[in-house]
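*Asks:* Pasted the sequence and its predicted model underneath.
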Amino acid sequence: REPVRSICCIGAGYVGGPTCAIIACQNPNIQVTVVDLDQARIDAWKSDHLPIFEPGLRDVVQFARDEQSGGREGFRPPNLFFSTDIDCAIASADLIFIAVNTPTKLVGQGAGSASDLAYVEAAARRIAEVSTSDKIVVQKSTVPCGTAQTLRHIFASVAQNTDVNFEILSNPEFLAEGTAIRDLLSPDRILIGSNTDSRALQAAERLADVYAAWVPRERILTVNCWSSELSKLAANCMLAQRISSINSLSAICEVTGANIDQVAQAVGQDTRIGSKMLRASAGFGGSCFKKDVLCLVHIAESYNLHEVALYWRRIVDINEYSKARFAKRIIQSLHNTLDRKKIAILGWAYKKDTGDTRESAAINVAGQLIAENAHVAVYDPEVRPDQIISDLTPHHNTDTLAKRVSIYKNPYSACEGASAVVILTEWDEFKTDGLPSPVANGLDKEVLEVRLVSIPRRTSEGSRGSSESSWVKHDCSSNERSAENLAESPISEPETIPPRLGKK
Ligand code: NAD
């Protein structure tokens, strides 16, 4: 069969960028072009300041994007391109990935649970309108069951040129942010859904050949489109379910004599259950889990499977409860008043090794603390200050943010004078980099949790016990940026913010 020679990926986000970078690295004979409507995002992909932080990503992108000469491979021409010329990339591709966002619908039927497929439909229509040769169209976004079939209808109704054949495949992405490169290089499985006619099966094989450049064939599963679409939702729902399960058990631990770490270890050592994703936390975040659980809820409801819908909806309910419970514990531990108290928040990203803050538990917890008149002092090694402010802006007015939020370039100054230090992202540096000693001494290496500590303010001479000197020796006053300052001089130039804020 004819090998794929040219790939276009619509959507240069957390999925499209890393996935295509790996495909390009592993397939030097395939030209890969990632396109997006967002000019700033494309410009960033072409620069040294990639639009997303992901360990190992920069090396992979540079390898495929920039001409390589010398070394073991000798001369290697670039085969990874980023562009906003969507039509041109579509026209010259054999295979097109759709990797656009599929958020929860905000208005209309199914608002609050159904997936908004507007971006998917817009991408499909564009493909149908500009294509003059046969295309394999691969749905990579996470979508409700039946979307491949919907795309077939769109292509049948929109395509101008009836001689052009569109084969629709489902190929959901299972990478996790923070480990995307590792996941892409060594995936547990590649899932390809197709129809069962010979043309569709051949298209599925051509896509499988792209992955077979580095993925063992036995890990490439071919299934029907419905199974493929549902499997992706099911995987995310079951991962979210594990997190809500362990968080609900941690609530029981806190009112009994049980210890959640001990329970998680004892349960996780059962080989039928396994030890992964059993860390208690303030609740799951990220752009996917909540929306995918809600998408499954909507599918169940639309087939009148109300008990099934209710079962999955409770996973999201428990997550909301976990975030509220976490904030409540902080407030109660500080005598039910946060008025004029400084609370340090270490970590804003929804998990370590990413700068992504979408649905981060930190946004919710900080919001609850601000509502109690606390002053929150935030530090995160990867999240930009303007992102933190923009995450809080929908819930608080600018005046409140200016008074109640400060963003720091290092954790030491964020913790100085704080009544509590709240760790909301499990960044390694919080475990190993010599945090303020009252925090570090009690910090569990694995579990993400709140430590309530009393950290004295620095005296004018800066004199403190030796155990505190590791974090007071940094003069951090110039690193502080209040929300007010940020509002007056928004940070728009990436170069004004070093890629690793506060890294020593
Ligand atoms: P994202 O928001 O980071 O990126 C989507 C990109 O698509 C944006 O840059 C947007 O500008 C672009 N876009 C939207 N419509 C477009 C159009 N018509 N033409 C060109 N560009 C367009 O989203 P993401 O996190 O990469 O997720 C993409 C999909 O993959 C979602 O369905 C998500 O559920 C799924 N997914 C995400 C992850 C993850 O960890 N982020 C993992 C697996 C699957």
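*Replies:* All right, it came through fine. Numbers count the residues shown, from 1 in each chain.
*Asks:* Roughly how far does the closest residue to Ala91 other than its chain neighbours sit from the ligand?
*Replies:* Nearest residue to Ala91 in three dimensions, chain neighbours excluded: Val130, at 5.6 Å (Cβ to Cβ, 6 or more residues apart in numbering). Any C-beta I mention is one placed from the backbone N, CA and C, and that applies to glycine too. Distance of Val130 to the ligand, given as Cβ to the nearest ligand atom, to the nearest Å: 12 Å.
*Asks:* again, but for Leu191
*Replies:* 12 Å.
*Asks:* same deal with Pro55?
*Replies:* For Pro55, the distance to the ligand - Cβ to the nearest ligand atom - is 14 Å.
*Asks:* For the residue nearest to Ala91, grab the count of nearby residues.
*Replies:* Other residues near Val130 number 15, with proximity taken as other Cβ atoms under 10 Å.
*Asks:* Pick out the residue in the stretch 401-504 of the chain sitting closest to the ligand.
*Replies:* Residue of the stretch 401-504 of the chain nearest the ligand, by Cβ to the nearest ligand atom: Thr425 (15.6 Å).
*Asks:* Correct me if wrong: that residue contacts Thr354.
*Replies:* No. Applying Cβ atoms under 8 Å as the test, Thr425 and Thr354 come out as separate, 9.0 Å apart.
*Asks:* got the residues of the protein near the ligand?
*Replies:* 10-16, 35-38, 41, 86, 99-102, 119, 122-123, 141-142, 173, 175, 177, 287-288 (Cβ under 6 Å from any ligand atom).
*Asks:* element containing Phe81?
*Replies:* strand 80-83 (DSSP states H and E).
*Asks:* Please enumerate the strands of the stretch 51-200 of the chain.
*Replies:* Assigned by DSSP state E, counting those that start in this stretch, the strands in the stretch 51-200 of the chain fall at 80-83, 95-98, 135-139, 166-170, 190-194.
*Asks:* if we can go back for a sec, wait, doesn't the residue nearest to Ala91 sit right on Asp87?
*Replies:* Yes. Taking contacts as Cβ under 8 Å, Val130 lies within contact range of Asp87: 4.6 Å.
*Asks:* Could I get the buried residue list for stretch 152-171?
*Replies:* 152, 154-155, 159, 166-171 (16 or more other Cβ atoms under 10 Å).
*Asks:* Also stretch 206-217?
*Replies:* 206-212, 215.
*Asks:* Please apply the same query to stretch 329-340.
*Replies:* Applying 16+ other Cβ under 10 Å to stretch 329-340 flags 329-331, 334, 338 as buried.
*Asks:* Tell me how the chain divides into domains.
*Replies:* According to automatic domain parsing, the chain comprises the domains 6-226, 334-496.
*Asks:* List the contacts of the residue of the stretch 351-500 of the chain found nearest the ligand.
*Replies:* Nearest to the ligand, among the residues of the stretch 351-500 of the chain, is Asp356, at 7.1 Å (Cβ to the nearest ligand atom). Listed by Cβ atoms under 8 Å, 6 or more residues apart in numbering, the contact partners of Asp356 are 14, 52, 177, 286-287, 349-350.
*Asks:* can I get these in JSON lines with neighbour count?
*Replies:* Below are these laid out as JSON lines (neighbours: other Cβ atoms under 10 Å):
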{"residue": "Tyr14", "neighbour count": "23"}
{"residue": "Ile52", "neighbour count": "19"}
{"residue": "Glu177", "neighbour count": "24"}
{"residue": "Gly286", "neighbour count": "24"}
{"residue": "Ser287", "neighbour count": "21"}
{"residue": "Ala349", "neighbour count": "27"}
{"residue": "Tyr350", "neighbour count": "26"}
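*Asks:* Looking at the residues you listed, spot the one nearest Tyr412.
*Replies:* Among the contacts of Asp356, Ala349 lies closest to Tyr412 (Cβ to Cβ), at 19.2 Å.
*Asks:* What distance do you get for that closest one to Glu177?
*Replies:* For Ala349, the distance to Glu177 (Cβ to Cβ, to the nearest Å) stands at 9 Å.
*Asks:* Sweet, I'm off.
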